[in-house]
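Q: 3D, please:
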Amino acid sequence: MLTRPSDATATARLDIDLSALLHNYQTLRQRAGTAEVAPVVKADGYGLGAGPIAGHLARNGARTFFVARLSEGVDLRKALGAGPVIYVLDGLSDPSVFSAHDLRPVINTAEQYQRWISAPDTLAAALHIDTGMNRLGVRAGDLDALPARGRRPLTLVMSHLVCGDEPNSPINPQQLTAFRQIIERFPGVPRSLANSGGHFLGPDYAFDLTRPGISLYGGGPFGKTVPDIRQVATLKAQVLQVGPIDAGETVGYGASFKARNPMWIATLGIGYADGLMRSFGAYGFATVNGERRHLAGRISMDLCCLDVTDLDVAVGDLVEILGPAQPVDEVAHASSTISYEILTRIAPRVERHYI
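A: Presented below is the predicted three-dimensional model:
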């Protein structure tokens with residue numbers, strides 16, 4: 001299946017492996033025990049396409065999804081149709097829009113809470129309690145000030161792990177204790193704490209519903225590749241030109257790379273405008289014909305260069321930038337960032353294929 005843009009001249013393509021996605025979802029379901037696993041598909045499904053991603057997971061058992069923006073919720077409802085539950089993490093803005101599209105806000109402030117219980121329509125909602133992130137959510141000390149919710153259907157109480165990607169952090173058990181104390185005030189309401197990393201911290205973190213993101217898409221729960229999580233995204237770039245350079249010649253802007261010996265250089269049709277981080281140029285690599293090779297020189301807007309000395313490489317060949325041979329966590333480390341940013345930066349002009 002081919003999606004945006006359908007362009008035979010595209011020099012970079014992104015393959016999204018739906019079978020790997022489903023494997024990761026099922027792996028997380030096994031780790032979650034009896035808890036429901038609710039995929040987080042914000043930021044256009046972490047850059048991989050929220051509609052196709054959520055649609056595939058919905059057809060395979062997922063019943064609840066999380067997005068960040070209200071606009072994402074509206075788009076996702078159009079893609080999924082009626083049925084699945086969609087929560088919007090940003091909070092409650094216009095209740096009528098939420099009602100019109102059957103979306104559920106995640107209440108983050110007392111003001112939003114008041115707007116929720118005052119809305120003319122019965123609107124289901126989640127309540128986000130801040131247990132240490134100090135980002136979004138009602139602080140535990142402010143819960144007493146919330147007005148009584150009456151018959152309003154609060155369908156979830158949740159919090160978010162500060163250090164879920166650090167298994168040995170003492171903050172994790174501290175948050176777990178704080179969350180347990182808070183949820184005693186909401187008997188009978190489903191509870192949610194675990195993100196991707198939370199699935200790997202132990203069963204105590206699962207509660208009734210988990211909210212995995214990065215591990216669905218191939219990122220390890222602790223910023224490192226793990227065997228149970230398969231690579232979903234494979235990013236490849238086309239070889240545009242291959243040629244020799246002599247010892248002492250330089251490659252790319254700033255002449256930052258100088259050949260110590262005669263070399264063959266392949267120019268690839270991918271650059272930072274396609275989402276490849278400029279910082280990846282210093283320590284980056286690509287896999288060609290099963291062999292990993294280092295980039296040569298700086299990454300520019302549309303191009304980068306690769307050492308292909310002694311390899312059989314021709315114009316038109318595809319070189320793997322991200323994928324099974326180039327796990328997203330390794331690419332992120334070489335780019336001095338995290339896997340989340342690697343995936344969400346992949347540009348719209350990169351051709352998407354769902355396989």
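
Q: so what pLDDT did the residue nearest in space to the middle of the chain get?
A: Centroid check for the chain by CA atoms, centre = their mean gives Tyr46 as the closest residue, at 3.5 Å. Note on Tyr46: pLDDT of 98.

Q: That one: what's it in contact with?
A: Gly213, Ile214, Leu216, Tyr217, Tyr340, Leu343, Thr344 (CB atoms under 8 Å, 6 or more residues apart in numbering). Every residue, glycine included, has its C-beta placed from N, CA and C.

Q: Save those residues as JSON lines, and put in distance to Arg13, neighbour count and secondary structure too.
A: Listed next are those as JSON lines, based on distance: CB to CB, whole Å; neighbours: other CB atoms under 10 Å; DSSP: H, G, I helix; E, B strand; the rest coil:
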{"residue": "Gly213", "distance to Arg13": "24", "neighbour count": "19", "secondary structure": "coil"}
{"residue": "Ile214", "distance to Arg13": "22", "neighbour count": "24", "secondary structure": "helix"}
{"residue": "Leu216", "distance to Arg13": "21", "neighbour count": "27", "secondary structure": "helix"}
{"residue": "Tyr217", "distance to Arg13": "17", "neighbour count": "29", "secondary structure": "helix"}
{"residue": "Tyr340", "distance to Arg13": "21", "neighbour count": "18", "secondary structure": "helix"}
{"residue": "Leu343", "distance to Arg13": "15", "neighbour count": "27", "secondary structure": "helix"}
{"residue": "Thr344", "distance to Arg13": "18", "neighbour count": "16", "secondary structure": "helix"}
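
Q: residue ranges with poor pLDDT in the stretch 151-300 of the chain?
A: 151 (pLDDT under 70).

Q: Strands of that one, start to end?
A: For the stretch 151-300 of the chain, applying DSSP state E, counting those that start in this stretch gives strands covering 154-158, 191-192, 209-210, 233-245, 250-251, 257-258, 263-268, 285-288, 291-294.

Q: ok, back up a step: roughly how far does the residue nearest to the centre of the chain sit from Ala54?
A: 12 Å (CB to CB, to the nearest Å).

Q: Could you do Ala178 as well?
A: For Ala178, the distance to Ala54 - CB to CB - is 31 Å.

Q: More neighbours: these two, which one.
A: Set Ala178 next to Ala54 and count neighbours by other CB atoms under 10 Å: Ala54 wins out with 21 against 16.

Q: In contact with that one: list those residues for me.
A: With CB under 8 Å, 6+ apart, Ala54 has these contacts: Pro39, Val41, Gly45, Ala62, Phe65, Leu76, Ala79, Leu80, Pro84.
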